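> how would this look folded up:
(one chain, ligands or ions: 2)
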Amino acid sequence: MVKRRVHVAAAAIISADGREVLIARRPSNVDHGGLWEFPGGKLAPYETGLGGLKRELHEELGVEIRRAQPLIRIHHEYPDKHILLDVWQVHEFSGEPFGREGQAVRWVPMKDLVNYPFPAANLPILRAVMLPTEYLISGEEEDDGQFDQRLEHALVEDGVRLVQLRAKQLDDAAYLARAESALARCRQYGARLLLNGEPELLESVDADGIHLTSERLMQLERRPIAEGKWLAASTHDREQLVQAGRLGCDFVTLSPLRTTPSHPDVPPVGWHDFQELVERAAMPVFALGGMTRFDANHARAVGAQGVASIRDFWK
Ligand SMILES: Nc1nc2c([nH]c(=O)n2[C@@H]2O[C@H](COP(=O)(O)OP(=O)(O)OP(=O)(O)O)[C@@H](O)[C@H]2O)c(=O)[nH]1
Ligand SMILES: [Mg+2]
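Ligands and ions are numbered 1, 2, ... in the order given. A predicted model of the protein is given here:
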C-alpha cells in the first residue's frame, strides 16, 4: 500500500504574557478523535504553510493571525499515512478564539501541556513549545565569582532561560559545587539548567536535565534518565541525529554551523546542509557554532528551534 502524504499546518498560539498556549480537542468522530491538538488542518495543494494556517484558524477559531514565526516541522509515519506537520508559533492575533466547529478550546499553562493526550506525532511539538529560542552554553575560564557574575548578567540582561553548565576544567567536586550555585541562580529567574556530563550527575544535583557529548550519545543504548528530566545532546551529522531520536532526546545542538575560533579545523555544516538535516530530525535542533542572537530569526526560518552560543551570551 502506498501511504497517503498529508501536509498539515498547525499553530501554537501563545498568550500575551507568554505563559499559556491554546489547544483544542478533536471531535470524537474524526481521526485521533478525543485527543488534544494544535489548531490547524490539511493544506490545499496550492497553499503555503502560513497561508493555509491563516485559513484554518479563521475557520476553526475565528481568529486572524497578525504575527507568526515557524516553530518546527515534523515528519511522522502513521499506520495509514505519512504526515508533515508544519507548526507555527503565533504571537499576535485578533479576535477572541472559540470553537467554531463545536470543539473544546482551552488556554493551558506550558508546564501543564504534558498532562493532555495528543496524537503520537506531537511530542516534538510539545518540546518545541516549551523551549526558548536561545540556549546558553557557559564559558569555562572563570573563577566562581566571575562565573556567578556572568550567569547573572545572561539571566537578567539577556533574558536567557535555558543554560548548559559546561566546565571541563573543573574536577568533580568543583563541578558539583558550581552546579548547585548555578541551579539556585537559574531557579531564581525561572530558567532551566542542564548539566554537561554523565546522567548520574542528576543524583547529586537536582538540575533540569543532562546534555550528552556526541561521543556519549553514540555509546548509549537507551535513554539514561527519566522522562521528567530534559535529555539533550551535541550532534554533528545525520547518524548522530538519528541516534538522538532513538534515545528520545528532547532536543539537540547541531554544529558547527560556521567555523569558530575554538574549532578552526572542523569544516562548517553551513545553512544549506543544516536545513536538510533539521528537516528530518525528530526533535528541536539548536544551531551552534559562530552563532549570535542575530542569527536566531534565520535559524528559525530554516527549521531550527533557535541558536546556541557560548560567546554571544557570556560576557
Ligand atoms: N490540526 C492538527 N492536526 C494534527 C495534529 N497532530 C496530528 O497528528 N494531526 C493530524 O493531522 C491531520 C490534520 O487534519 P485535520 O483533521 O485537522 O484537517 P482539517 O482541519 O483540514 O479537517 P478536514 O480534513 O476534516 O477538513 C489529522 O490526521 C490529525 O490527526 C495537531 O496538533 N494539530
Ligand atoms: Mg483541523
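> if I look at Val205, how far off is Leu195?
With distances taken as Cβ to Cβ, to the nearest Å, Val205 is found 7 Å from Leu195. Every C-beta, even on glycine, is put in place using the N, C-alpha and C of the backbone.
> Comparing the two, which residue is more hemmed in?
Leu195 (26 against 17; other Cβ atoms under 10 Å).
> which phi and psi does the more buried one have?
With angles defined as degrees, to the nearest 10, Leu195 sits at phi -100, psi 130.
> isn't it right up against Asp206?
No - Leu195 is beyond contact range of Asp206, at 10.3 Å (criterion: Cβ atoms under 8 Å).
> Quick one: name the residues of the stretch 101-250 of the chain near ligand 1.
119, 121-122 (Cβ under 6 Å from any ligand atom).
> tell me which strands and helices the strand or helix carrying Arg127 is in contact with?
Using DSSP states H and E, Arg127 sits in helix 123-130. With contacts taken as 3 or more Cβ pairs under 8 Å, 6 or more residues apart in numbering; DSSP states H and E, helix 123-130 sits against strand 4-14, strand 64-77, strand 81-94.
> Now the element after that helix, going C-ward?
Assigned by DSSP H and E, the successor of helix 123-130 is strand 134-137.
> Show residues contacting that next one.
For strand 134-137, contacts defined as Cβ atoms under 8 Å, 6 or more residues apart in numbering pick out 154, 158, 160-164, 166, 196, 253, 286, 288, 293, 296, 306-310, 313-314.
> If we use 6 Å, what do you get?
154, 160, 162-164, 166, 286, 306, 308, 310, 313 (Cβ atoms under 6 Å, 6 or more residues apart in numbering).
> for those, which one is nearest ligand 1?
Gly306 (20.9 Å; Cβ to the nearest ligand atom).
> so how far is Arg127 from the residue in the stretch 51-200 of the chain that ligand 1 sits nearest to?
Among the residues of the stretch 51-200 of the chain, Pro119 lies closest to ligand 1, at 3.4 Å counting by Cβ to the nearest ligand atom. Pro119 sits 15 Å away from Arg127, going by Cβ to Cβ.
> cool, and Ala301?
20 Å.
> Make TSV from the helices and strands packed on helix 123-130 and add distance to ligand 1 to it.
Shown next, in TSV, are the helices and strands packed on helix 123-130 (distance: least, Cβ to the nearest ligand atom, whole Å):
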stretch	distance to ligand 1
strand 4-14	4
strand 64-77	7
strand 81-94	5
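> okay, these, which one's buried deepest?
Looking across the helices and strands packed on helix 123-130 with neighbours counted as mean count of other Cβ atoms under 10 Å, the highest average goes to strand 4-14: a mean of 20.
> Which pair in the contacts of strand 134-137 has the greatest spatial separation?
Using Cβ to Cβ, the two most remote members of those are Arg166 and Gly306, lying 17.9 Å apart.
> So those two - more neighbours on which side?
Applying other Cβ under 10 Å to Arg166 and Gly306 shows that Gly306 carries more neighbours, namely 23 against 20.
> and Ala24, what helix or strand is that in?
strand 20-25.
> can that strand be found next to ligand 1?
No - Strand 20-25 does not reach ligand 1 (Cβ under 6 Å from any ligand atom); its nearest approach is 8.0 Å.
> now for that strand, which elements pack on it?
strand 4-14, strand 36-37, strand 105-109 (3 or more Cβ pairs under 6 Å, 6 or more residues apart in numbering; DSSP states H and E).
> Now mean pLDDT too, for those strands, in TSV please.
Listed next are the helices and strands packed on strand 20-25 as TSV, based on pLDDT from 0 to 100:
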stretch	mean pLDDT
strand 4-14	96
strand 36-37	97
strand 105-109	97
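> Reformat the ones you listed into TSV and put distance to Asp80 next to each item.
Listed next are the helices and strands packed on strand 20-25 as TSV, based on distance: least, Cβ to Cβ, whole Å:
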stretch	distance to Asp80
strand 4-14	7
strand 36-37	17
strand 105-109	27
